[in-house]
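A.B. asks: Need a 3D model of the following:
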Amino acid sequence: MTTSKYKEAKKLKQEGKLEEAITAYQKAIERNSSFYSYHHELGEILAEKGDWEGAIASFSKAIKLNPKSAWSYYNLGEAFSKIGKYGKAIEQYRQAIKLNPKYAGFCHSLGEAFYQQGKLSKALNWYLKTVEINPNSSKAYLNLAEILIKEGKLEKATTNLENAIEINPDHAEYYQKLGDVYSAQGNLESALASYQKMMEINPITADERQQFKAQIEQIQSQLTQTQIELEQAKFLPSQTTIELEEARSQQAETENLLNQSFELLAQSETILNESLEKYRQSQEALNQYQTELEKTSAERDQYQQELTQTQQLLHQSLTQLEETEKVLTIALEKLHKQEGLLKNSQVLPVHSQTSQEGAELEKTKAKLAETETTLNQALQLQSETEQALNQSLEQLRQYEQLFNQLQPTASTQ
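C.D. replies: As a prediction, this is how the structure comes out:
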């Protein structure tokens, strides 16, 4: 049966056997191509394997069968983005947002597509919409800062980067970007502090170390220029001298930070090895934590079980519908045979039929017509029921996707 092949495909997908899952989905579609979820889930696997053209074909078919699937539009947009077709991606993202305007991820992806096209104003608006829906989207704040930096609005860029760090304080890229902004503003002490924090979180590679060293040397050059200016100002009036002494004190603190930065650079390889070991230990702790979550999260398991049971009931209903359709088709075939026999009876000479036989013939004709009407109504009802079940499967799939998003994770995106 089609549903059993579909269940097999889902199981293979969950086990990570993607090639076998693809084959199973394709066989399920060969047996019954009218279920949009078959095409949608096949598209998800093809996208996971990087087969973007195949994914586009599958998601397009899913949308044709179920135009109300926001996730099919969104995934189709993602596939177009992966191959650089941002115009088509934008069309799909807009359709997804039209169906589900409260999902921040749809708005963020639309903003990224506009950013790739160089349409910064539109990208900015959609990133703002993203943080309006989800104020905890650190990635959206980072992207807002990127645009504001391009527009020269460094103060606003700083605010957005600080928001991103507050949400996700363990992301080295945020500190590096903040250091760049501080440096551009002339706030050298804050720039050095941000770069140091970046190195603590994520020890840099040799190439990155050279690049970062050049930035520090540039800052050092600026500090040296400040030193020269201070020396030249020795003969200024006493009030100015006091201010210069304060400036010298601040400069000494800055040079101290600079020396600490160079020490960190010299020790970066050792820090890198230690960090890699800590990362390995963290991964082991994370795996243990996830194992404990699986053991103790009874409520989530119960919800997952209820979702699975509901899905099984829906597929049982679809199976029954398939059987009903077969029975109705057989009944119609028999009905047509009876109509053929009836027509043969009508061509007999009138004198060979008695009045009673004629009456019986008319009564049979009426009953056949009534039966045909009933069968057609049953087929129509079966079609409507199948459509309703498809919609239920879409709703269930959305619940399942939302459930997976709500599961606790060990790392912040």
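
A.B. asks: Export only the CA atoms of the one helix or strand Thr159 maps to, formatted as CSV.
C.D. replies: Here Thr159 sits within helix 154-167, counting by DSSP states H and E. Extracted in CSV, the C-alpha atoms of helix 154-167 (Å, rounded to 0.1, in the frame of the first residue of the first chain):
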residue,chain,number,x,y,z
LEU,A,154,27.8,53.8,13.5
GLU,A,155,26.0,54.7,16.7
LYS,A,156,22.9,52.8,15.6
ALA,A,157,25.1,49.9,14.4
THR,A,158,26.8,49.8,17.9
THR,A,159,23.4,49.6,19.6
ASN,A,160,22.3,46.7,17.4
LEU,A,161,25.6,44.8,17.9
GLU,A,162,25.2,45.2,21.7
ASN,A,163,21.7,43.8,21.4
ALA,A,164,23.1,40.8,19.5
ILE,A,165,25.7,40.2,22.1
GLU,A,166,23.2,40.5,25.0
ILE,A,167,21.2,37.7,23.3
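
A.B. asks: in it, what counts as buried?
C.D. replies: 154, 157-158, 160-161, 163-165, 167 (16 or more other C-beta atoms under 10 Å). Any C-beta I mention is one placed from the backbone N, CA and C, and that applies to glycine too.

A.B. asks: What helices and strands are in contact with it?
C.D. replies: In terms of contacts (3 or more C-beta pairs under 8 Å, 6 or more residues apart in numbering; DSSP states H and E), helix 154-167 is packed against helix 138-150, helix 172-185.

A.B. asks: Show the contacting residues for the residue nearest to Tyr141 when sequence neighbours are not counted.
C.D. replies: Spatial nearest neighbour of Tyr141, excluding adjacent residues (C-beta to C-beta, 6 or more residues apart in numbering): Ala164 at 4.0 Å. Applying C-beta atoms under 8 Å, 6 or more residues apart in numbering to Ala164 gives the contacts 138-139, 141-142, 145, 171, 174.

A.B. asks: 10 Å instead?
C.D. replies: 137-145, 171, 173-175, 177-178 (C-beta atoms under 10 Å, 6 or more residues apart in numbering).

A.B. asks: can you check Lys102 too?
C.D. replies: Here Lys102 is in contact with 133-134 (C-beta under 10 Å, 6+ apart).

A.B. asks: give me that answer again for 8 Å
C.D. replies: Per C-beta under 8 Å, 6+ apart, neighbours of Lys102: Ile133.

A.B. asks: ok, back up a step: columns distance to Gln95 and mean pLDDT on top of the helices and strands packed on helix 154-167, output as CSV?
C.D. replies: Shown next, in CSV, are the helices and strands packed on helix 154-167 (distance: least, C-beta to C-beta, whole Å; pLDDT from 0 to 100):
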stretch, distance to Gln95, mean pLDDT
helix 138-150, 21, 96
helix 172-185, 32, 91
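
A.B. asks: Output these in JSON lines, with mean neighbour count and distance to Gln218 appended to each entry.
C.D. replies: Listed next are the helices and strands packed on helix 154-167 as JSON lines, based on neighbours: other C-beta atoms under 10 Å; distance: least, C-beta to C-beta, whole Å:
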{"stretch": "helix 138-150", "mean neighbour count": "22", "distance to Gln218": "18"}
{"stretch": "helix 172-185", "mean neighbour count": "20", "distance to Gln218": "8"}
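
A.B. asks: In TSV: the ones you listed, plus distance to Gly54.
C.D. replies: Formatted as TSV, the helices and strands packed on helix 154-167 follow (distance: least, C-beta to C-beta, whole Å):
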stretch	distance to Gly54
helix 138-150	28
helix 172-185	32
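
A.B. asks: residues near Leu120, how many?
C.D. replies: Other residues lying near Leu120 total 15 when counted by other C-beta atoms under 10 Å.

A.B. asks: For Tyr103, see how far away it is.
C.D. replies: 23 Å (C-beta to C-beta, to the nearest Å).

A.B. asks: so Ile83 sits right up against Trp52, yeah?
C.D. replies: Yes - if you go by C-beta atoms under 8 Å, Ile83 and Trp52 touch, sitting 5.1 Å apart.

A.B. asks: quick one, which of those two is more surrounded?
C.D. replies: Between Ile83 and Trp52, counted using other C-beta under 10 Å, Trp52 has the larger neighbour count: 18 against 13.

A.B. asks: how near is that one to Ala164?
C.D. replies: When Trp52 is compared with Ala164 (using C-beta to C-beta), they lie 30 Å apart.

A.B. asks: do Glu48 as well
C.D. replies: 28 Å.

A.B. asks: How about Ala184?
C.D. replies: On the measure of C-beta to C-beta, Ala184 and Ala164 end up 17 Å apart.

A.B. asks: sorry, back to before: pick out whichever of the buried residues of helix 154-167 sits closest to Ile201.
C.D. replies: Nearest to Ile201, judged by C-beta to C-beta, of the buried residues of helix 154-167 is Ile165 at 10.6 Å.

A.B. asks: For the closest one, which non-adjacent residue is spatially closest?
C.D. replies: Using C-beta to C-beta, 6+ apart, the closest residue to Ile165 is Tyr174 (4.9 Å).

A.B. asks: pLDDT averaged over the one helix or strand Gln398 maps to - what is it?
C.D. replies: Here Gln398, judged by DSSP H and E, is contained in helix 355-406. Mean pLDDT, helix 355-406: 68.

A.B. asks: that older thread, so how far is Val131 from the residue nearest to Tyr141?
C.D. replies: On the measure of C-beta to C-beta, Ala164 and Val131 end up 10 Å apart.

A.B. asks: Residues that sit against both of the two, list them.
C.D. replies: Joint contacts of Ala164 and Val131 (C-beta under 8 Å, 6+ apart) are Tyr141.
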